[in-house]
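> just the structure for this:
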Amino acid sequence: MLSAFRSALATPDLRKKILFTLGVVVVYRIGAAIPSPGVSYPNVQKCVGEVEQQGIYSLLNLFSGGALLQLSIFSLGIMPYITASIIVQLLTVVIPRFEQLKKEGQSGQAKLTQYTRYLTMALAVLQATGIVALAERGLLFSGCTEDIIPDNSVFTLSLVVLTMTAGTAMIMWLGELITERGVGNGMSLLIFLNIAARIPVEGGNILNTRGVEIFIVVCACALVIIATVVFVEQGQRRIPVQYAKRMIGRRMYGGTSTYLPIKVNQAGVIPVIFGSSLLYLPDLLSRLVGDPNESSALQQFIQQNLVDQSSVLHILMYFMLIIFFTYFYITITFNVDERADEMKKFGGFIPGIRPGRPTAEYLRFVLNRITFPGSLYLGTVAILPNFFLALTGEGQNQNFPFGGTAVLIMVGVGLDTMKQIESQLMQRNYEGFLR
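Predicted coordinates for the structure are as follows:
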């Protein structure tokens, strides 16, 4: 593997791509540390020190690399873009115009990307307004009395919202630059960096609060979890597909054998994000509507059963939501009828299965069977931090460094980036990472 890295750095064009990606990463991390204008940095640090983790913002803080709670320029992170991408992808099934653009190829995809950018900016404005409103009302940090935004005039609050929104636009631009001129998918790499930036902090908290023995046990469990996730993420069901020979003019086409890969984790990390968002939505609504100085019976119930991740109700609901959204998302993104029509159009068929409707029914049968263990796998990995939280003593700490959403994203992005570098090395007759 070290020889492959040497070969990658020895190749001039690949070395430029890697160095360019590292340069963008440095710029991104610097922006994540610069506070927004109008925000009192010392007061924010005091509040973060008192209450570093908030259940409602744990997922967003995970994707921002800890910048969300500090209200920095890049505090919103990549989350608005992820939400916009998911919404546009789901709307392609509902809106005929979007479905037509998806079928138009590269030109249609460019328009969908433009719509995603517009929706990202709208979501960034809404999200920044909500966070600034919570900070101005003293609800961002429970129990902290420091003034995060000392000057609560309309101009100052608008300036903070505008700065955060502009930071989201710059993050989109940096991600697209990495995709175009660097190595790997830019947006995915930025998420990877945000999660990786939180690992030393979370590991240090476990080491300081629970001791060396617990820290070693957690690291050993982390290696087992990562190895298991890598093994399952690589697993797929390969359905053989045969293409008949066709004569077009004087040339013969087709007659080849290939396969249709269906991954065990076909849905990726999207069901985990959906499940986490829904579980924290009641907490957000209760904070915005309720009195910040009083705690009602409903708020206490939500805190004890939905926010507290060591509760049995939270674990069961989280697990069931992940299973539901796995089936829901795969049904939308993997249309078996379209796949069967495409195969029939180009003369492809599954051996032993007639083209058309029988092929669609067979694909649906295989997809349902492989989705069930995939959903169980996603749910199990996602709730693993809940069992470790009792061990580490962090009852409501979602940003556990070695489980759930973090390890799924890090492993997926790491494997994808490694495969892209390997493919470029193989084009130059070098040995790749996987021998």
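> pLDDT of the helix or strand containing residue 134, averaged?
Counting by DSSP states H and E, the secondary-structure element that holds residue 134 is helix 106-137. Along helix 106-137, the predicted local confidence has a mean pLDDT of 87.
> what packs against it?
Contacts defined by 3 or more C-beta pairs under 8 Å, 6 or more residues apart in numbering; DSSP states H and E place helix 106-137 against helix 79-94, helix 96-103, helix 154-181, helix 270-289. Just so you know, the C-beta spots here come from the backbone N, C-alpha and C atoms, and that holds for glycine as well.
> can you redo the ones you listed as a markdown table with mean pLDDT?
Compiled in a markdown table, the helices and strands packed on helix 106-137 are given as follows (pLDDT from 0 to 100):
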| stretch | mean pLDDT |
| --- | --- |
| helix 79-94 | 83 |
| helix 96-103 | 83 |
| helix 154-181 | 90 |
| helix 270-289 | 72 |
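> of the ones you listed, which is nearest residue 337?
Distance to residue 337, taken as C-beta to C-beta, is lowest for helix 79-94 among the helices and strands packed on helix 106-137, at 12.0 Å.
> other SSEs contacting the closest one?
In this structure, helix 79-94 packs against helix 58-63, helix 96-103, helix 106-137, helix 154-181, helix 186-210, helix 270-289, helix 312-333, with contacts taken as 3+ C-beta pairs under 8 Å, 6+ apart.
> go through these and name the closest to residue 30.
With respect to residue 30, and counting by C-beta to C-beta, the nearest of the helices and strands packed on helix 79-94 is helix 154-181 at 11.4 Å.
> quick one on the thing from earlier: so how far is the helix holding residue 134 from its chain's centroid?
Remark: helix 106-137 is offset 16 Å from the chain centroid, using C-alpha atoms, centre = their mean, to the nearest Å.
> buried residues of that helix, list them for me.
Neighbour-count burial for helix 106-137, counted by 16 or more other C-beta atoms under 10 Å, picks out 108, 112, 115-117, 119-121, 123-125, 127-129, 131-132, 134-136.
> what's the angle between it and helix 96-103?
Calculated by axes from the mean of the first three to the mean of the last three C-alpha atoms, to 10 degrees, helix 106-137 forms an angle of 120 degrees with helix 96-103.
> need the per-residue pLDDT for the closest residue to residue 150 other than its chain neighbours.
Of all residues beyond its chain neighbours, the one nearest residue 150 is residue 40 (5.5 Å), with distances taken as C-beta to C-beta, 6 or more residues apart in numbering. Confidence at residue 40, expressed as pLDDT, is 81.
> same check, this time on the one 10 residues further on
Per-residue pLDDT puts residue 50 at 61.
> and for residue 2?
The pLDDT attached to residue 2 in the predicted structure is 61.
> can you check the one 4 residues further on too?
On the pLDDT scale, residue 6 is placed at 73.
> tell me the SS of it?
Secondary structure of residue 6, reduced to three states by DSSP: H, G, I helix; E, B strand; the rest coil: helix.
> where does the stretch 201-350 of the chain dip in pLDDT?
Using pLDDT under 70 as the threshold, the predicted model of the stretch 201-350 of the chain has low-confidence ranges 246-255, 283-296, 298-299, 302-310.
> pull up the gap between residue 156 and residue 78, please.
According to C-beta to C-beta, to the nearest Å, residue 156 stands 26 Å off from residue 78.
> repeat for residue 137
As for residue 137, its distance to residue 78 is 26 Å (criterion: C-beta to C-beta).
> repeat for residue 342
Counting by C-beta to C-beta, the separation of residue 342 from residue 78 is 32 Å.
> looking at the two, which has the bigger crowd around it?
Remark: of residue 342 and residue 78, residue 78 carries more neighbours, 27 against 11, as counted by other C-beta atoms under 10 Å.
> ok, the more buried one touching residue 171?
Yes. Using C-beta atoms under 8 Å, residue 78 is in contact with residue 171, at 5.9 Å.
> show me the common contact partners of the two, please.
Both residue 78 and residue 171 are in contact with residue 190, where contact means C-beta atoms under 8 Å, 6 or more residues apart in numbering.
> okay, buried residues for the lengthiest helix in the chain please.
What stands out as the longest helix in the chain, according to DSSP state H, is helix 357-392. Within helix 357-392, the residues that qualify as buried by neighbour count (16+ other C-beta under 10 Å) are 359-360, 362-364, 366-367, 370-371, 374-375, 377-379, 381-386, 388-389, 392.
> what packs against that helix?
In terms of contacts (3+ C-beta pairs under 8 Å, 6+ apart), helix 357-392 is packed against helix 186-210, helix 212-234, strand 236-243, strand 257-263, helix 270-289, helix 312-333, helix 336-345, helix 404-427.
> kindly provide the whole-number mean pLDDT of it.
Regarding helix 357-392, the rounded mean pLDDT is 82.
> report the angle between that helix and helix 186-210.
Using the same axes, to 10 degrees, the interaxial angle of helix 357-392 with respect to helix 186-210 works out to 30 degrees.
> and the angle from helix 357-392 to helix 312-333?
Helix 357-392 and helix 312-333 meet at an angle of 150 degrees, taking the same axes, to 10 degrees as the criterion.
> so how far is helix 357-392 off the chain centroid?
Helix 357-392 has its average C-alpha position 17 Å from the chain's average C-alpha position, going by C-alpha atoms, centre = their mean.
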